[in-house]
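Student: structure of the sequence below:
(2 chains)
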Amino acid sequence: MSLILNDLAIGYRNKLVMAGIGGTINSGNAVALIGQNGAGKSTLLRTLAGEQSPVSGTFVWDAPVKRHRSIAWLSQSPSLRPDAPLTVRALAAMGLWARIGLFGKPCRHDQDKIDQALDMVGLSDLENQQVSTLSGGQLQRALFARLTVQDCGLILLDEPFSAVDTASQAKLLEVIQHWVGEGRTVIAAIHDLDCARHFPLWWELSKFGAILRRSDDKPLSSLTQPLRAVSGVAQST
Amino acid sequence: MVGVFAPFFDYEFMTRAALGGVALALAGAPLGVFLVMRRMSLVGDAVGHAVLPGAAAAALLSGGSTLLTTLGAALTGTMVFMTAGPASRALRLPEDAGFAVFYLAALAIGVMIASMGGGVIDLDKLLFGAALAIDNTALALACTAAIVTSIGMALVYRPLLIDTLDPQFLRASGGAKWAGPVAQSVFFGLLALTTVASFHALGALMSIGLTILPAIAARFWAKSVPLMILSAAVLGIIGVLSGLLVSFHLAAPVGAAIVSCLVGLVLASSLVGPNQSLLTRSLGKASLANRAS
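Tutor: Here you go, the predicted model:
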């Protein structure tokens, strides 16, 4: 029923970014990963997404329901081609790929799911528009619609608000709350502490390790101060 | 008017050339659309050039057998394609620079091999093709390419499309891990097959033209990928048939006539096509200005 990290060390072939990450995040939580540039936020998300292997240690995503076993990841720089000849609806429908595979046909339920996802991100009116014509905020909302259609239990977001305006940010936060309300777990790397304030849990990565705490534990200003040295760190929620 | 098309019915060699050309246009359409979307138009061109040494060597050794020339072409085309990318990365060269070195080398070696034959090998035919002299083997190869490519692309269409438009999503979406690499391998295998099949009609220098040019023109006619493929097939067939007629009536070299007609279609499409052509863009600007005023 949770994400369990066992003494995880993350990094690249020649560079260890962080070691000794351990702990549990219960499902149905939204965690803001915070920390300075280079602290390892993106590396941790890429590792959890399976884009790179842990240097050592393991993690287990124990989904509460079978259909939530998969992990979805939206990177800071999505690889979607800016000139992709796709409509907004077709982009959202791409989220069905893992389930319908090579030859499966989307059923009525899938079409409804796409409708709901587009409605949730406020793009129903633009469903037939080409993604190449969308603004940065609209594109991010379309990518959130695709994440919704993917129907994963653990959703990893790397700087999801970095290129969006305030209105889109509010809409995206609503979507995240909706996901959490459905029992999904969201982990988002966020450099802006004002954005992080909207998340109930913070997980700060620093050179001392990782610390998980509730956002109301301490005043926000304390986050800019060096944290006490704790290794092996994340406490269970 | 009907008389213009009479050569296709009156002369067997024109009928065969038209059949072969239509088959190659059908094979090339989906491949070209994906090559253009993947921004690999010039890589496809490089592979087209790279078939020359194998084709020349096989033609020299076999006395011009179509089957062996085809196999030789496939061998060096595939070798260059498989080695140019990794070699570029190993030498830390930009990938297009690596392809440039390889295909120029292949072209030079091919011309030297062909010249060693002392006139036995028709270098013009290897470089520019002989669409009007297409034999049964080459025609069968073109038809095979059309059928196999259509089936193969239908099988890998979905993962190939996602891999082309958003490769990161394909890897991390929880779908089958093998889908992306398999789709790519099938795609490049079909590209090699079609390039080699086109080689007999258009030669090493222009064989990729029938794949790439209709796909470029199709972008001005369609917004979605399936419609782009359909447009590319129709435009490719129009280009081939008009090229053959131009060649017949004006006694022009056939490969050059086909490629010229295809280039003409690209230009016409970019001017008046319904999607992002100069005409629609200027109409869009004018209507925006009217609304603003």
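
Student: where do the helices of chain A begin and end?
Tutor: A:41-49, A:88-93, A:97-100, A:108-120, A:136-150, A:166-181, A:193-196 (DSSP state H).

Student: can you list these in TSV and add mean pLDDT?
Tutor: Formatted as TSV, the helices of chain A follow (pLDDT from 0 to 100):
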stretch	mean pLDDT
helix A:41-49	90
helix A:88-93	96
helix A:97-100	87
helix A:108-120	95
helix A:136-150	94
helix A:166-181	92
helix A:193-196	83
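
Student: could you count how many residues lie near residue 164?
Tutor: No chain specified, so I'll use chain A. 19 (other Cβ atoms under 10 Å in any protein chain shown). For the C-beta atoms, the positions are set from N, CA and C on the backbone; glycine is no exception.

Student: wrong one, chain B
Tutor: Neighbours around B:Thr164, by other Cβ under 10 Å: 23.

Student: show me the contacts for the residue in the stretch 1-150 of chain B positioned nearest to chain A.
Tutor: Nearest residue of the stretch 1-150 of chain B to chain A: B:Met37, at 7.4 Å (Cβ to the nearest Cβ). Shown in contact with B:Met37 (Cβ atoms under 8 Å, 6 or more residues apart in numbering or on different chains): A:81, A:85, B:164-165, B:225.

Student: now do 10 Å
Tutor: Taking Cβ atoms under 10 Å, 6 or more residues apart in numbering or on different chains, we find B:Met37 in contact with A:81, A:83-85, B:160-161, B:164-165, B:215, B:219, B:225, B:228.

Student: ok, A:Val55 next?
Tutor: A:Val55 sits next to A:8-13, A:15-19, A:43, A:47 when contact means Cβ under 10 Å, 6+ apart.

Student: quick one on the thing from earlier: and of the helices of chain A, who's closest to chain B?
Tutor: Chain B lies closest to helix A:97-100 among the helices of chain A, at 4.0 Å (Cβ to the nearest Cβ).

Student: who are the packing partners of the closest one?
Tutor: Contact partners of helix A:97-100 among helices and strands, from 3 or more Cβ pairs under 10 Å, 6 or more residues apart in numbering or on different chains; DSSP states H and E: helix A:136-150, helix B:136-165, helix B:167-172.

Student: got the CA positions of it in CSV?
Tutor: Output of helix A:97-100 as CSV, limited to C-alpha atoms (Å, rounded to 0.1, in the frame of the first residue of the first chain):
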residue,chain,number,x,y,z
TRP,A,97,-0.9,2.6,-24.8
ALA,A,98,0.3,0.5,-21.9
ARG,A,99,-3.2,-1.0,-21.6
ILE,A,100,-4.3,-1.5,-25.2
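
Student: quick one: contacts of that helix?
Tutor: A:67, A:70, A:72, A:93, A:104, A:106-107, A:110, A:146, A:149-152, B:158-159, B:161-162, B:169-170, B:172-176, B:179.

Student: and A:Ile155, how many neighbours does it have?
Tutor: 25.

Student: give the residue spans of the stretch 51-200 of chain B that score low on pLDDT.
Tutor: In the predicted model of the stretch 51-200 of chain B, residues B:120 satisfy pLDDT under 70.

Student: repeat the analysis, applying 80 as the threshold.
Tutor: Counting by pLDDT under 80, the stretch 51-200 of chain B has low-confidence residues at B:64, B:81-82, B:84-86, B:88-89, B:94-96, B:117-122, B:131, B:133, B:174-175.

Student: how about chain A?
Tutor: Filtered on pLDDT under 80, chain A yields the residue ranges A:1, A:13-15, A:19-23, A:38-39, A:63-69, A:163, A:204-237.

Student: which residues sit in contact with the nearest residue to B:Ala176 once chain neighbours are set aside?
Tutor: Closest residue to B:Ala176 apart from its sequence neighbours, by Cβ to Cβ, 6 or more residues apart in numbering or on different chains: A:Gly101 at 6.7 Å. Contacts for A:Gly101 (Cβ under 10 Å, 6+ apart) come out as B:158-159, B:175-176, B:179.

Student: just the buried ones among those, please.
Tutor: Among these, the ones that count as buried by 16 or more other Cβ atoms under 10 Å in any protein chain shown are B:158-159, B:175, B:179.

Student: so how far is chain A from B:Lys285?
Tutor: From B:Lys285 across to chain A, the span is 15 Å (Cβ to the nearest Cβ, to the nearest Å).

Student: closest one of the buried ones among the contacts of A:Gly101 to chain A?
Tutor: Chain A lies nearest to B:Gly175 out of the buried ones among the contacts of A:Gly101, by Cβ to the nearest Cβ, at 4.0 Å.

Student: picking up where we left off before, a markdown table please, covering the buried ones among the contacts of A:Gly101 and showing distance to B:Leu42.
Tutor: Converted to a markdown table, those look like this (distance: Cβ to Cβ, whole Å):
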| residue | distance to B:Leu42 |
| --- | --- |
| B:Arg158 | 27 |
| B:Pro159 | 24 |
| B:Gly175 | 30 |
| B:Ala179 | 27 |
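
Student: if we can go back for a sec, so which of the helices and strands packed on helix A:97-100 is nearest B:Pro253?
Tutor: Comparing the helices and strands packed on helix A:97-100 by their distance to B:Pro253 (Cβ to Cβ), the top pick is helix B:136-165, with 17.5 Å.

Student: and the closest one, what other elements does it pack with?
Tutor: With contacts taken as 3+ Cβ pairs under 10 Å, 6+ apart, helix B:136-165 sits against helix A:88-93, helix A:97-100, helix B:12-37, helix B:66-90, helix B:167-172, helix B:179-206, helix B:225-250.

Student: now with 7 Å, please.
Tutor: Applying 3 or more Cβ pairs under 7 Å, 6 or more residues apart in numbering or on different chains; DSSP states H and E, we find helix B:136-165 packed against helix B:12-37, helix B:66-90, helix B:167-172, helix B:179-206.

Student: ok now the last one, how far from the chain's centre?
Tutor: This means helix B:179-206. 8 Å (Cα atoms, centre = their mean, to the nearest Å).

Student: and it, what's buried?
Tutor: Those would be B:179-180, B:182-184, B:186-188, B:190-206, for helix B:179-206 by 16+ other Cβ under 10 Å.

Student: and what of the third one?
Tutor: For helix B:167-172, the buried set under the neighbour-count rule, 16+ other Cβ under 10 Å, comprises B:167-172.

Student: work out the gap between it and the centre of the chain.
Tutor: Taking Cα atoms, centre = their mean, one finds the center of helix B:167-172 at 28 Å from the center of the full chain.

Student: and that helix, what does it pack against?
Tutor: helix B:136-165, helix B:179-206.

Student: for that helix, which outside residues touch it?
Tutor: Helix B:167-172 has contacts (Cβ atoms under 7 Å, 6 or more residues apart in numbering or on different chains) with A:49-51, A:73, A:75, A:78-79, A:94, B:159, B:162-163, B:179-180.

Student: filter those down to the buried ones.
Tutor: Listed as buried from these are A:49, A:51, A:73, A:75, A:78, A:94, B:159, B:162-163, B:179-180; burial here means 16+ other Cβ under 10 Å.

Student: quick check on the residue located most distally from the centre of chain A: phi, psi?
Tutor: When distances are taken from the C-alpha mean of chain A, A:Phe103 lies farthest, 28.4 Å away, according to Cα atoms, centre = their mean. Here is the backbone geometry of A:Phe103 (degrees, to the nearest 10): phi -120, psi 0.

Student: what's the closest non-adjacent residue to it?
Tutor: Closest residue to A:Phe103 apart from its sequence neighbours, by Cβ to Cβ, 6+ apart: B:Arg158 at 7.9 Å.

Student: what's across from A:Leu157 in the sheet?
Tutor: Per DSSP bridges, the residues bridged to A:Leu157 are A:Leu74, A:Ala188.

Student: between the helices and strands packed on helix B:136-165, which one is nearest to B:Ile237?
Tutor: helix B:12-37 (4.8 Å).

Student: tell me what the next helix-or-strand element following that closest one is packed against?
Tutor: Where DSSP states H and E defines the elements, the next helix or strand beyond helix B:12-37 is helix B:41-50. Applying 3+ Cβ pairs under 7 Å, 6+ apart, one finds that helix B:41-50 makes contact with helix B:66-90, helix B:95-116, helix B:179-206, helix B:209-218.
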